[in-house]
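Peer 1: Sequence and predicted structure, then a few things I'm wondering about:
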2 protein chains.
Amino acid sequence: MNGAQALIRTLVDGGVDVCFGNPGTSEMHFVAALDTVPEMRGVLCLFEGVATGAADGYGRMTGRPAGVLLHLGPGLANGLANLHNARRAATPMVPVVGDHAGYHKQYDSPLDSDIDALAGTVSRWMRRSETSADVARDAAEAIAAARTAPGGIATLILPADVSWSEGAAPAAPQPAGGPRPVPEDAVAGVAALLTSGEPCAVLVGGAATREAGLRAAGRVARAAGARLFCETFPARLERGAGLPPVERLPRAGQQVAARLAGVRHLVCVGARPPVEFFAYPDRPSSLVPEGCAVHVLAEGADDVVGALDRLADLVAPGVEPDLQPLQRPELPTGPLTPDAVGAALGALLPEGAVVVDEGVTSTRQMPVPTAGAPRHDWLTLTGGAIGQGLPVATGAAVAAPGRRVVCLEGDGSAMYTISALWTQAREQLDVTTVVFSNRSYRILEGELRNVGAEASGPRSRDLLELSRPDLDFVSLAAGMGVPGSRATTAEEFVEQFRRAVTEPGPHVIDAVLTVP
Amino acid sequence: MNGAQALIRTLVDGGVDVCFGNPGTSEMHFVAALDTVPEMRGVLCLFEGVATGAADGYGRMTGRPAGVLLHLGPGLANGLANLHNARRAATPMVPVVGDHAGYHKQYDSPLDSDIDALAGTVSRWMRRSETSADVARDAAEAIAAARTAPGGIATLILPADVSWSEGAAPAAPQPAGGPRPVPEDAVAGVAALLTSGEPCAVLVGGAATREAGLRAAGRVARAAGARLFCETFPARLERGAGLPPVERLPRAGQQVAARLAGVRHLVCVGARPPVEFFAYPDRPSSLVPEGCAVHVLAEGADDVVGALDRLADLVAPGVEPDLQPLQRPELPTGPLTPDAVGAALGALLPEGAVVVDEGVTSTRQMPVPTAGAPRHDWLTLTGGAIGQGLPVATGAAVAAPGRRVVCLEGDGSAMYTISALWTQAREQLDVTTVVFSNRSYRILEGELRNVGAEASGPRSRDLLELSRPDLDFVSLAAGMGVPGSRATTAEEFVEQFRRAVTEPGPHVIDAVLTVP
């Protein structure tokens, strides 16, 4: 058995049975070995940023790492932006980066580069396998490292000769580390605060944005009269009818200040205290109001849900959380605005949908009209590196067959990793993509003002507008085998979206927004 | 004057007057400052890999660095693969990477990452500007570093507060370092070899692949009866009618062995001794034949052309080089094969064309039929990181208005940075792109055999084929405002190519190859 075969067998035995990738020569034995371990599903992506983003979506939905096959340093480089997002999401993932054979490195052939330096910027664990006898044990360690709470990126660098050499054997799975227990006095201390009568808020994030954590947090908030918030960019928020509602903190600093006004104690559970996304002249970076004390009950690696459960037992015995009733808005009519799309989503989102949100400015108001839709998941842009939506939607659809994935995309961000559509077509994934065509980097027009700069002339405006020529996403989708349609009114959007979410396979709606 | 304004003024004064980019919030003052320094041309790219590749193409054609504006670590990450190629090409370039304000870094906000680690893998010079008073001097140093022979990447990291703070002033240009002189005894030693009567070959690369170097090398080869080769992947090879012809060493090791068979002395001038692109089991990495001694007359940073001139004066006084006569093949007919495309190019390539070659397997034979076409440049994939062709063509067209750029693209590699077409449309660049649609990663099918692996079943084949669905490059181009056409026979290709190279603006020919 060669190294590649032992590696794939070990991955499968460790629960890693999907591998997104774009291989090259140094990964050919890995590719060939796929046919010897039929339990491994290889999914071809046409660009590495699609592969890493898909693995992120897969990991968020399953809690298990996918493998990602990357071709040397440049392949890893192409996947880094979505690895950055996955790192922020604490997604378990096992990238396998092929490298030249060890003896070949000294020749510095054209594709050689510093893989370790690149991988180090996103990996919680990293190893270069030295021999074919090591690779299976290394892979088992990688899986355990990726799965150790709260989850992260464990990168295995695989020299070609390790892959092709005989003498390998599969390794048994290794146990992953569980979350760190939260000390009793920490829970008791927060309980005392919450019952002190002072204005409190609870900010949940990470593992606490799923049903169990939200139920406990909802009990606490209700019993203590505390406000309940969720981090601005959750990796996966379970929401909708039947679940405890939670308000995501806005991105904009001024709006955060308004939400937290008067709060004296901010209890963070799996979330970090709010900070500005960017620095702005003469504005503070921290968004914790003056006079508000921060109390960290649990960090991401801690037993976030357990801590909330114990807190609820202390401050809310017998209390049930508020639950969101089923409540859908009316179907929109008239101009196609972001609000109209929001209403349409709220009205038509199918039960069990997975919403992948990279709508940037266009989806900021979307949480409100969709709050009472049937139960669904909401996946956000955790690390701010655009080009994440289409790939994450692709991976989420591989992870959750039978569920409809709805991908909300900005036009600017869609173009970063547009080839994800091809993989959706090839794998016949149930992904409905809505591209918000506002023909600009709309967020930057606002940010220009926020930083106190001004686009005084055509040269600066040229770098912010996506027009001349307009992008035609129906044509782009068709080029990759994905059916598409263009909506320019709310009525058209409703009709197209209603059909798209019931038909099998992918579809793109080019939502040409009416710009006020 | 704020830091951004002083920076752009200093760049322009230092000869950097084109900036490819994709900005974000942290770069808004740079964008705003574009209108205060109208000599700077900003070119919007929809993905950073397009921006860095375009700067590579621009630098190869002008010998001067372009600026590249990148948004934080993820923006740099997206541009890294083409920075890798540019590093291998020794292209002068000044990437400006925006970062958070210094005081904001401690908050580790979502987009924060280790920019220095990423930039370090591709940069010959790198600095983080500390204050607005420093930034102009830093930029002047960056330009000098990028231009110092043979050229390279000088990365300036620009914190947002350095950009927006007042108190800056432009800095004067700094001198770039010239090439290192080659010692007299090195030249004399090689001259002695070449006149020894033993079989010699001269391998040129880097600066020696332009007319002056080729003329000197051609004189040497003719006088000494030495074989003359060019490195496999030159950054920019000047060739065609009226220039000394030079054969590029093939990529495949066995073919290199055949070319160098019997050579006792290999003289390298600006080129490195040939090595295998990848390691293959039971094959040597070095492609220098046994019994052949390597003599390095000049490395990339040395005065490559000067050394060749002095060598020619010693061994070839009064000798003129062989020159390529104008010699075009007949127009092809019948099935659309790579050879048919080659013949069409040879027959129709306009005077002064710039050929950007990322055709991978499809363009391997192209040097022969195009050898006698009117004088042109040939730019190749120097670092092996695919996704380089469309961006390099974009930058070359910006650099060389009035010349026709012909971009030869594989279908797989085209999909890496397809959004370059949009920039070509916006800037109305005269780029004719030929996509070789063979519906597979054809090179990998061969490489699978080369490494001794076998695609024994459908799972491995799935990772190598680009079919199901087929990509439609006419539709993709239309989605980005670029006219396109599909050719399925040699006659159709000839007709479409002939028209495309005479019409202004970009055009894509989807060349659907007849696969034998």
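Peer 2: Perfect, thanks for sending it. It should be emphasised that the depicted structure is a prediction, and the values quoted were computed from it without experimental measurement.
Peer 1: Quick one: end-to-end distance for stretch A:91-111.
Peer 2: Taking C-alpha to C-alpha, to the nearest Å, stretch A:91-111 runs 29 Å from one end to the other.
Peer 1: That one near chain B anywhere?
Peer 2: Yes - using C-beta under 8 Å from any C-beta of the partner chain, stretch A:91-111 comes into contact with chain B via A:100-101, A:103-104, A:106-111. To be clear about C-beta, it is placed using only N, CA and C from the backbone, and glycine gets the same treatment.
Peer 1: Buried ones only from those, please, as a PyMOL command.
Peer 2: Buried residues within those, by 16 or more other C-beta atoms under 10 Å in any protein chain shown, are selected in PyMOL with:
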select buried, chain A and resi 100+101+104+107+109+110+111
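Peer 1: of the residues of stretch A:91-111 next to chain B, closest to residue A:245?
Peer 2: residue A:111 (50.7 Å; C-beta to C-beta).
Peer 1: So that closest one sits against residue A:98, correct?
Peer 2: No - Residue A:111 lies out of contact with residue A:98 (C-beta atoms under 8 Å); the separation is 10.0 Å.
Peer 1: contacting residues around the residue in the stretch 201-350 of chain A positioned nearest to chain B?
Peer 2: In the stretch 201-350 of chain A, no residue comes nearer to chain B than residue A:279, which is 3.6 Å away by C-beta to the nearest C-beta. Applying C-beta atoms under 8 Å, 6 or more residues apart in numbering or on different chains to residue A:279 gives the contacts A:285, B:26, B:100-101, B:103-104, B:160-161.
Peer 1: Now do the shared contacts for residue A:111 and residue A:98.
Peer 2: Common contacts of residue A:111 and residue A:98 (C-beta under 8 Å, 6+ apart): A:24, A:72.
Peer 1: What residue spans form the domains of chain A?
Peer 2: As given by automatic domain parsing, the domain ranges for chain A are A:3-164, A:184-315, A:338-512.
Peer 1: Tell me which of those domains sits most buried.
Peer 2: Across these, averaging neighbours per residue (mean count of other C-beta atoms under 10 Å in any protein chain shown) puts domain A:3-164 on top, at a mean of 25.
Peer 1: what mean pLDDT does that one have?
Peer 2: When pLDDT is averaged over domain A:3-164, the result is 97.
Peer 1: Can you get me the start-to-end distance on that domain?
Peer 2: This stretch, domain A:3-164, spans 6 Å end to end (C-alpha to C-alpha).
Peer 1: ok now it, how far from the chain's centre?
Peer 2: Distance of domain A:3-164 from its chain centroid, counting by C-alpha atoms, centre = their mean, to the nearest Å, is 19 Å.
Peer 1: Likewise for stretch A:299-311?
Peer 2: From the chain centre to the centre of stretch A:299-311 is a distance of 21 Å (C-alpha atoms, centre = their mean).
Peer 1: Then stretch A:193-201?
Peer 2: 33 Å.
Peer 1: quick one on the thing from earlier: give me the secondary structure label for the residue of the stretch 201-350 of chain A closest to chain B.
Peer 2: coil (DSSP: H, G, I helix; E, B strand; the rest coil).
Peer 1: that older thread, switch the domains of chain A over to JSON lines; also include distance to residue B:371.
Peer 2: Below are the domains of chain A laid out as JSON lines (distance: least, C-beta to C-beta, whole Å):
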{"stretch": "domain A:3-164", "distance to residue B:371": "24"}
{"stretch": "domain A:184-315", "distance to residue B:371": "54"}
{"stretch": "domain A:338-512", "distance to residue B:371": "35"}
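Peer 1: Any idea which of these gets closest to residue B:217?
Peer 2: Here domain A:3-164 is closest among the domains of chain A (C-beta to C-beta), at 22.2 Å.
Peer 1: List the contacts of whichever strand or helix holds residue A:68.
Peer 2: Residue A:68 is part of strand A:66-71 when elements are defined by DSSP states H and E. Under the criterion C-beta under 8 Å, 6+ apart, residues A:11, A:16, A:18-27, A:30-31, A:40, A:42, A:48, A:51-52, A:54-55, A:58-59, A:76, A:78-79, A:93-98, A:395 lie in contact with strand A:66-71.
Peer 1: if we can go back for a sec, okay, and which of the contacts of residue A:279 map to helices?
Peer 2: Those of the contacts of residue A:279 mapping onto helices are B:160-161, per DSSP state H.
Peer 1: Residue A:395 looks like it's in a helix, true?
Peer 2: Yes - the assignment for residue A:395 is a helix, going by three-state DSSP.
Peer 1: Bridged to residue A:379, which residues?
Peer 2: residue A:356 (DSSP bridges).
Peer 1: Over to residue A:229?
Peer 2: residue A:203, residue A:247.
Peer 1: My guess is it contacts residue A:250. True?
Peer 2: No - taking contacts as C-beta under 8 Å, residue A:229 lies outside contact range of residue A:250: 9.7 Å.
Peer 1: list the residues that contact both of those two?
Peer 2: By C-beta under 8 Å, 6+ apart, residue A:229 and residue A:250 have these common neighbours: residue A:259.
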